[in-house]
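[1] Below is the structure, and that's it, no one-letter string:
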């Protein structure tokens, strides 16, 4: 089983846990188990692409129109089209990440782990906007 398949399986387990009545406890338990898997939980080295490559990237024309209306400090940016499959944020990261081994599923799993590990921090920062999550 390759890295992508492992994270796809882990994400399926987390999704199944989210359907439980005691979803929080089940997700927390799975997160603790995942954190023990050193082979797949090594930090990701992020060295984003700094150059637009027209052989790999397609300009998102609609986003470009929005950027043109924005403040001057973003006019130099080039919006790139990504698959609109529910993973837009993760697909965007993968596009600039330049690491073919990392998948959207892996980024989703790592996001869940981050949120669970640092729950108090995020709740403290965002509770004034969204209310308590507990």
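    It's in. Source: prediction; values computed, not measured. Numbering: from 1, shown residues only.
[2] Can you report how many residues lie near residue 61?
    Residue 61: 9 surrounding residues under other CB atoms under 10 Å. Every C-beta, even on glycine, is put in place using the N, C-alpha and C of the backbone.
[3] now do the one 5 residues further on
    Residues near residue 66, counting by other CB under 10 Å, number 11.
[4] If I look at residue 68, what pLDDT would I see?
    Confidence at residue 68, expressed as pLDDT, is 88.
[5] correct me, but it touches residue 77?
    No. Contact criterion CB atoms under 8 Å: residue 68 and residue 77 do not qualify, at 10.5 Å.
[6] Between those two, point out the one with more neighbours.
    residue 77 (12 against 9).
[7] Spit out the contact partners of the closest residue to the more buried one other than its chain neighbours.
    Once flanking residues are discounted, residue 77 sits nearest to residue 67: 6.1 Å by CB to CB, 6 or more residues apart in numbering. By CB atoms under 8 Å, 6 or more residues apart in numbering, the contact list for residue 67 reads 74, 75, 77, 79.
[8] Any idea how far apart the tips of stretch 10-28 sit?
    Stretch 10-28 has an end-to-end distance of 13 Å (criterion: CA to CA, to the nearest Å).
[9] can you list contacts of it?
    Contacts of stretch 10-28 (CB under 8 Å, 6+ apart): 29, 30, 31, 34, 105, 108, 109, 112, 116.
[10] which residues does the second one contact?
    Contact analysis of residue 30 by CB under 8 Å, 6+ apart lists 10, 13, 14, 17.
[11] Tell me the most packed of those residues, by neighbour count.
    Ranked by neighbour count under the definition other CB under 10 Å, the contacts of residue 30 are headed by residue 10 with 23 neighbours.
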